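A.B. asks: With the input below, show me the fold.
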Amino acid sequence: MQRADRITLLSIALAFSPVVAHQSEGFVAHPLYAVTAGALFLMALLNTATAVARIHWTMAQLSGPTPVPPRPTEPARPDRRRPVEEAAAALRHQPHQVG
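C.D. replies: Coordinates of the predicted model:
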């Protein structure tokens, strides 16, 4: 059960719960609000089922084969490891450089 489903279910239950409580119990100081209690119980069951399903799916994905084969290693390119001397010399004369 996702967030929008929970909000919708709880808001509908909270909207109709006083009407049903008044129809079934009349004027009492502390009505039961059975509709809200039932909605919360249903949400607890569905949220637990969603969590168990997500855990099951995650465990199945972890135990399965690797979906993407590893890429062959590419040798390092020497021109990327050393800075270009002209650019390095230009950066040395910048005022924000130390040393």
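
A.B. asks: Any idea which helix or strand in the chain has the lowest mean pLDDT?
C.D. replies: Lowest by mean pLDDT, DSSP states H and E among the helices and strands of the chain is helix 78-81, with a mean of 57.

A.B. asks: how about S17, secondary structure?
C.D. replies: S17 carries the three-state label helix when classified by DSSP: H, G, I helix; E, B strand; the rest coil.

A.B. asks: so what pLDDT did it get?
C.D. replies: Per-residue confidence (pLDDT) for S17: 93.

A.B. asks: Then G64?
C.D. replies: pLDDT, G64: 73.

A.B. asks: cool, and the one 3 residues further on?
C.D. replies: Looking at P67, its pLDDT reads 64.

A.B. asks: Contacts for stretch 23-36, please.
C.D. replies: Counting by CB atoms under 8 Å, 6 or more residues apart in numbering, stretch 23-36 makes contact with L10, A13, L14, F16, S17, P18, V20, A21, H22, all of which sit outside it. (Glycine included, C-beta is placed from N, CA and C.)
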